[in-house]
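Novice: generate a structure from the sequence data that follows.
(one chain, ligands or ions: 1)
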Amino acid sequence: MCGIIGYTGVQAAVPVILQGLERLEYRGYDSAGMGIFENGEIAMYKTMGSPSNLKEKAPQGSAAKVGIGHTRWATHGAPDEKNAHPHMSADGKFAVVHNGIIENYVELKRELTEKGYIFRSETDTEVVAFLLEEAYKGDVKSALSEIMPKLNGSYALGILCSDYPDTIFCAKKSSPLFVGIDADGGYLASDVAAFYKNSGKIYKLGDNEIGIIKKDGLKVFDIDGCRIRKTEVKIREAQRYEGKGKYEHFMLKEIYEQPTAFSATLENILVDGKIKLGCLKMNREKIKHLNHIEFIACGSAYHAGVVGAYAAQKLLNIPAFSFIASEYINRSSSADENTLVVIISQSGETADTLAAMREAKKRNAKIVSIVNNELSTIAQESDCVILTKAGREVAVATTKAFSAQLAVIYALCIRLSYSAGKIDREKYKNYCTELSKISEKIGEFLKENSYAKSIAEILKDTDYCSFIGRGFDYCTAMEGALKLKEISYAHCEAYAAGELKHGTISLIENGTPVVAVVCDSSVATKTLGNIKECKARGAKIICITNDENYKGDADDVIVYVPKTEDIFSVSLSVLPLQLIAYYTAKLKGCSIDKPKNLAKSVTVE
Ligand code: F6R
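Specialist: Numbering: from 1, shown residues only. The predicted model follows:
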């Protein structure tokens, strides 16, 4: 979603802010802006589109040493310059950048309008600037303490006040905010990737805390104005910023980082042929008494959750369900203290997932989270956190984080199954051995990609395409279709192969591409029948399989992936689909790393 950067220090602020915004660009790129102190006054620069457009507008040679910047993902109001942040108070004293949503902004706006304030934007953020102006009596911290209880919803705020031209003020609730301090000054960012340098001390602001950043340090206060001592947080090297290296796009780089993401994730989990998940703290009895397991997530992470539900049901033989996080509250789940709830999120900040997790917590379920960011809110609120070690993922469309999530899900299901006595020692050992080989198999398969370029030629001009599969292959189909839609904007859908004949087979015409995944051996023969049904109606079949025996006379194109246990098959069958999506988007000239309308970390419900 939106991104915040701020700097106060000895360097020129404009290049620091521009670089921070570029690093945050993956979070939102509808419009961008910055506010800096020039001759004691706050000067604002705004642009439509990407932060790189701001380079032309911002005064590159400015001597300003203090400023804030923002990259916007529009929620309230169109992505134009008037709605771009920062937003100013009417008296020009405050400039505010904001992530999150002020849910009661309509009411606040009405009250402020009645008092004579004239709004210049359609955003919810402008109310914050006006409320600050109204509450300010010379002390910004007190003004923040006064207005924060009035703001419902979520916010991370970066604020300049013209009475304090060496200072950045900040505050937050339910939206992440970090402060970095090094020899060159103080930095503010919604994401540590934005920090100018990969050095210095980093602090995470807590909910309802107020920060005052100067070039030589940070002071943090609670909402009552009492000083809070913050401890430095350690950021894993892997979470810091890295460039694209030799790759044309972050997405391609991240596809090729999947072997490492998978193996690094399992490094401390699969040790000496055994699965160690100490943080679970569930003994055999507790596991045996589980009434069911729920996997909750959004988007691709939800697809990982679907794999989890299929694998858990298969290995534990108890009910296992996958939930789209935003629907969790709408469905009355029967989670209780004997339910294991697995929350999956790359960012660990997805608002829908967080809300669902809090709902499951209310029901006293045991919460295990699978996240890629140990500092995230989801990690902090879980009973047990299992980290994926995918490293920083920049491309909006996830690939390596998805792979790393699967690694944890497999390990979790196998461990629970073995502990509950559902699989014997030999089966357990076999699964562990095969799991330890997956990363190598991923690496082996990724060496060749010419097939993906040829398939992209077929898909680039298509109006409609269908992805089908059964069992674990259905999970792959869902993820493959999402990747293609997200980055190439091709209209396609995933269908459980057996369900096609109940409706959407009507869309198949001469030449309609159907991507069929046939890797789950338990259902392969049935899928082969469904492929024939499509072929009989003129479909062009692109078959992804791991077995020569599944090669039928119906396939127009066939891609072989390495063979593995059915439960791990998604980790391999998804790879060609990621690459096909990538090359299709490339042929269509799409913005691969930053698809239109999407954001990386979706921090609004
Ligand atoms: C798809 C994609 C999204 C995310 C979803 C959840 O390529 O990246 O669908 O998977 O927004 O995000 P996290 O995992 O951060 O909770």
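Novice: what ranges of the stretch 251-400 of the chain fall below the confidence cut-off?
Specialist: Scanning the stretch 251-400 of the chain for pLDDT under 70 picks out no residues.
Novice: how close does the residue of it found nearest the ligand sit to Met44?
Specialist: Scanning the stretch 251-400 of the chain for proximity to the ligand using C-beta to the nearest ligand atom identifies Gly299 as nearest, at 1.7 Å. For the C-beta atoms, the positions are set from N, CA and C on the backbone; glycine is no exception. Look at Gly299 and Met44: by C-beta to C-beta, to the nearest Å, they are 34 Å apart.
Novice: please apply the same query to Leu131.
Specialist: 19 Å.
Novice: okay, the two: which has more neighbours?
Specialist: Leu131 (25 against 19; other C-beta atoms under 10 Å).
Novice: ok so the more buried one is a helix residue?
Specialist: Yes - judged by DSSP: H, G, I helix; E, B strand; the rest coil, Leu131 forms part of a helix.
Novice: give me the nearest residue to it, chain neighbours excluded.
Specialist: Ile147 (4.4 Å; C-beta to C-beta, 6 or more residues apart in numbering).
Novice: got a list of what the nearest residue to Ile101 once chain neighbours are set aside touches?
Specialist: Leaving aside its sequence neighbours, Ile101 sits nearest to Gly153 (C-beta to C-beta, 6+ apart; 4.7 Å). If you count contacts by C-beta atoms under 8 Å, 6 or more residues apart in numbering, Gly153 has them with Gly100, Ile101, Ile102, Glu103, Asn104, Tyr105, Asp124, Lys173, Ser174.
Novice: from those residues, which ones fall inside strands?
Specialist: The members of the contacts of Gly153 that map onto strands under DSSP state E are Lys173.
Novice: could the contacts of Gly153 go into JSON lines alongside distance to the ligand and pLDDT?
Specialist: Output for the contacts of Gly153, formatted as JSON lines (distance: C-beta to the nearest ligand atom, whole Å; pLDDT from 0 to 100):
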{"residue": "Gly100", "distance to the ligand": "16", "pLDDT": "91"}
{"residue": "Ile101", "distance to the ligand": "17", "pLDDT": "90"}
{"residue": "Ile102", "distance to the ligand": "22", "pLDDT": "94"}
{"residue": "Glu103", "distance to the ligand": "21", "pLDDT": "93"}
{"residue": "Asn104", "distance to the ligand": "26", "pLDDT": "96"}
{"residue": "Tyr105", "distance to the ligand": "24", "pLDDT": "95"}
{"residue": "Asp124", "distance to the ligand": "22", "pLDDT": "93"}
{"residue": "Lys173", "distance to the ligand": "19", "pLDDT": "94"}
{"residue": "Ser174", "distance to the ligand": "15", "pLDDT": "87"}
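Novice: so what strands line up beside the helix or strand hosting Ile210?
Specialist: Here Ile210 sits within strand 209-214, counting by DSSP states H and E. If you go by DSSP bridges, strand 209-214 pairs up with strand 168-173 (antiparallel), strand 217-221 (antiparallel).
Novice: adding mean neighbour count, write those strands out as CSV.
Specialist: Shown next, in CSV, are these (neighbours: other C-beta atoms under 10 Å):
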stretch, mean neighbour count
strand 168-173, 25
strand 217-221, 17
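Novice: in a markdown table: these, plus distance to Glu533.
Specialist: As requested, the strands paired with strand 209-214 are exported to a markdown table (distance: least, C-beta to C-beta, whole Å):
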| stretch | distance to Glu533 |
| --- | --- |
| strand 168-173 | 53 |
| strand 217-221 | 63 |
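Novice: give me the distance from the longest helix along the chain to the chain's centre.
Specialist: Across the chain, the longest stretch assigned as helix under DSSP state H is helix 425-446. Counting by C-alpha atoms, centre = their mean, to the nearest Å, helix 425-446 is centred 27 Å from the centre of its parent chain.
Novice: name the helices or strands packed onto it?
Specialist: helix 258-266, strand 270-271, helix 400-419, helix 569-587 (3 or more C-beta pairs under 8 Å, 6 or more residues apart in numbering; DSSP states H and E).
Novice: right, and the helix or strand after the second one?
Specialist: This points to strand 270-271. Downstream of strand 270-271, the first helix or strand assigned by DSSP H and E is strand 274-275.
Novice: report whether stretch 259-269 contacts the ligand.
Specialist: No - Stretch 259-269 lies apart from the ligand when judged by C-beta under 6 Å from any ligand atom; the minimum separation is 13.5 Å.
Novice: what residues sit buried inside that stretch?
Specialist: Neighbour-count burial for stretch 259-269, counted by 16 or more other C-beta atoms under 10 Å, picks out Pro259, Thr260, Ala261, Phe262, Ser263, Ala264, Thr265, Leu266, Ile269.
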